[in-house]
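Asker: Here you go, sequence then predicted model.
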Amino acid sequence: MKSCIIGLIMLVPLAGIAAEKSEAVALRNYLRQTYPSLAYVERYRSAYPEEIQGSNALWAEGPLPPAATAQDLVSALVGLEDYHVSLKGTAVGSNQTLGALFRTSSDKQMIVWRVFDTHGAELKSGDAVLSIDDVPTAAWLDRVQAVTFGGNRRSRAALAAFQLGMSTRANHQIQGLGDAVSLLVQTDAHPPRKVILKYQPMSEQRALAMANAVEQRDLPRHFSAVGTRIGTMRLGLFAPQYSDTFNKANDQAEKVPGTTEDQAMLAGFCAVVRSYIAEFDAVADQADVMVVDLRGNMGGFGREARLLVEAMTSVSTPTFDVFASGKSGVLKLVAQPTDASCGRVKSRKPIIVMTDAGTRSAGEHTAAWMWAGNALLVGERTIGAGGGLEAGSKGFALPNSNFNVRASESFAFFDPRGELQAGEANETALLEKVSIDRFAPSRARPFATQAAGMRPDLESKSTLADLRDGGRAQIERALQALRERGLLK
């Protein structure tokens, strides 16, 4: 969340030299005491010097970085390479939107991905975005990703494009955007046209429309490529509050005497999962290979995601939330709870999971769990949002400003072989395992996705044409490559 800072909020000092120092001291102490593992961050920064940004000055020994403005805070915090870092508080403002979402390709092109509000009706899904406020798109992405929170350049660019469509007012100011944005867009081969849109408040109605838009398919239910019948499923986010299926089952369960809130919620999740199973098997009946599309998945309830993965793979991979223990060199591991199965698909067709640089949070966890359950991953490295925030977390309130700093409060470690145990663990020994081969995933040892993202079995870079055709040509290229490598029969 960051870039070309315009606006008073970014330019006014928090409160002089003494206040600046106290802000930096307080923030350093907060990170040292509560961040899951600063040693993990250092290992990642050493493994990916070409991807990192900022420095470790905020938490390392030595002079403190400046902390007089919001821009200073962003510059100090980007070094964590943490997608979950953000500035909150009264000075930040509420979410606002253009009524559209944007997606980027591997070669720094951008399209209008979804139009979910009449306010954005001058845009069309599939429009190429040639410039933002008269800055060519590739240059704008380069500029903004450099000060966007996250672990790798490509994912920071994808996040910057997403936030162009929906984020806080303060974040848009940090991106160099005002109350309105000028977009030069092009529909197919038609002449480019300029569209000027003002940001609008992100209402509940718009949030529901956005959730429904993200769940829409980019791929047809069935198509054929290289002599293979392909069936597809879409998982755009895990937001049961917007699901009629979830709400109906949850409400019915709540009416049963003695039913707890958690039991009613599980009833809702299982209703969603069973509906998904029915659709999956119907599609698989007419397919040789199943594709589960996680591109642009916005995350959500990990509990729902895990039940869906278990339904598709029959595997529930042990996963631990890793916290700071308060002891030097020691981490605290807490096993993520699991629910009884809601049912499983009948199909045993091979599963390919498509990911991109915008696959995040619970969507990224889904990719990791699917891979651990022997699905093949194709596409781009995911965003690296392998950390998490506790429910209701308000972050850390800076002592002399109206800002709260939020950062990951735990990291997720995946444990396919069941090696880990809940309790305290030696930090160095654990990091030695998960950082092997530049934090590569493994089915033979624990692995993590924080900052590093989930690395696909087959990297498949996308182009503007791939964004516009929904990824059909990309899947065709992937099928050929997987067969050449012996990964798919």
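Answerer: Structure received.

Asker: surely G343 meets V273?
Answerer: Yes. G343 lies in contact with V273 (Cβ atoms under 8 Å); the separation is 6.5 Å. No exception for glycine: its C-beta is placed from N, CA and C like everyone else's.

Asker: Return every residue with contacts to both of these two.
Answerer: Common neighbours of G343 and V273, using Cβ atoms under 8 Å, 6 or more residues apart in numbering, are A311.

Asker: more neighbours, those two?
Answerer: Neighbours per residue (other Cβ atoms under 10 Å) separate G343 from V273, with V273 holding more: 24 against 14.

Asker: residue contacts, the more buried one?
Answerer: With contact set as Cβ under 8 Å, 6+ apart, V273 has these partners: E304, L307, L308, A311, C342, G343.

Asker: Sort out which of the residues you listed are in strands and list them.
Answerer: Among the contacts of V273, DSSP state E puts none in strands.

Asker: As CSV, could you dump the C-alpha coordinates of the strand or helix carrying A425?
Answerer: Per DSSP states H and E, A425 falls inside strand 423-426. Presented in CSV, the C-alpha positions along strand 423-426 are these (Å, rounded to 0.1, in the frame of the first residue of the first chain):
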residue,chain,number,x,y,z
GLY,A,423,4.0,-26.6,21.5
GLU,A,424,7.4,-24.9,21.5
ALA,A,425,9.9,-25.6,18.8
ASN,A,426,13.5,-24.5,18.1
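
Asker: if you average pLDDT over it, what comes out?
Answerer: When pLDDT is averaged along strand 423-426, the result is 98.

Asker: who touches it?
Answerer: By Cβ under 8 Å, 6+ apart, the surrounding residues in contact with strand 423-426 are S325, K327, G329, V330, L331, K332, L333.

Asker: Check which residues of that strand are buried.
Answerer: The neighbour-count check on strand 423-426 (16 or more other Cβ atoms under 10 Å) flags A425 as buried.

Asker: neighbouring strands for it, and are they parallel or not?
Answerer: strand 330-335 (antiparallel) (DSSP bridges).

Asker: And the next helix or strand past the partner strand?
Answerer: Counting by DSSP H and E, the next helix or strand C-terminal to strand 330-335 is strand 351-355.

Asker: Going by distance to S462, which of the contacts of V273 wins?
Answerer: Nearest to S462 out of these is L308 (Cβ to Cβ; 24.6 Å).

Asker: Going along the chain, name the helices of the stretch 301-450 of the chain.
Answerer: Using DSSP state H, counting those that start in this stretch, the helices found in the stretch 301-450 of the chain span residues 302-313, 361-372, 427-434, 436-439.

Asker: Tell me which of those is the most buried.
Answerer: Most buried of these by mean neighbour count (mean count of other Cβ atoms under 10 Å) is helix 361-372; its value is a mean of 27.

Asker: Tell me the helices and strands packed up against that helix.
Answerer: Here helix 361-372 touches helix 302-313, strand 351-355, strand 376-379, strand 410-414, going by 3 or more Cβ pairs under 8 Å, 6 or more residues apart in numbering; DSSP states H and E.

Asker: which ones are touching V78?
Answerer: V78 is in contact with K2, Q53, G54, V85, V147, T148, F149, counting by Cβ under 8 Å, 6+ apart.

Asker: Next, the fifth one: phi, psi?
Answerer: When quoted as degrees, to the nearest 10, the phi and psi of V147 stand at phi -130, psi 30.

Asker: picking that back up, out of the helices of the stretch 301-450 of the chain, flag the one nearest I475.
Answerer: helix 361-372 (16.2 Å).

Asker: okay, that closest one in CSV with CA atoms only?
Answerer: What follows is helix 361-372, C-alpha atoms only, in CSV (Å, rounded to 0.1, in the frame of the first residue of the first chain):
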residue,chain,number,x,y,z
SER,A,361,-4.6,-15.9,1.8
ALA,A,362,-7.1,-18.8,2.1
GLY,A,363,-6.9,-19.2,-1.7
GLU,A,364,-3.1,-19.7,-1.3
HIS,A,365,-3.8,-22.2,1.5
THR,A,366,-6.1,-24.0,-0.8
ALA,A,367,-3.4,-24.3,-3.4
ALA,A,368,-1.0,-25.7,-0.8
TRP,A,369,-3.5,-28.2,0.5
MET,A,370,-4.5,-29.3,-3.0
TRP,A,371,-0.8,-29.8,-3.9
ALA,A,372,-0.2,-31.7,-0.7
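
Asker: angle of it against helix 302-313?
Answerer: Taking axes from the mean of the first three to the mean of the last three Cα atoms, to 10 degrees, one finds that helix 361-372 is oriented at 30 degrees with respect to helix 302-313.

Asker: how much does helix 361-372 deviate in direction from strand 351-355?
Answerer: 150 degrees.

Asker: ok, back up a step: in a markdown table: the helices of the stretch 301-450 of the chain, plus distance to A397.
Answerer: A markdown table is the format used below for those (distance: least, Cβ to Cβ, whole Å):
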| stretch | distance to A397 |
| --- | --- |
| helix 302-313 | 27 |
| helix 361-372 | 24 |
| helix 427-434 | 28 |
| helix 436-439 | 32 |
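
Asker: and of those helices, who's closest to A24?
Answerer: helix 427-434 (25.0 Å).

Asker: tell me the angle that closest one makes with strand 330-335.
Answerer: Interaxial angle, helix 427-434 versus strand 330-335 (the same axes, to 10 degrees): 60 degrees.

Asker: what angle separates helix 427-434 from strand 410-414?
Answerer: Interaxial angle, helix 427-434 versus strand 410-414 (the same axes, to 10 degrees): 50 degrees.
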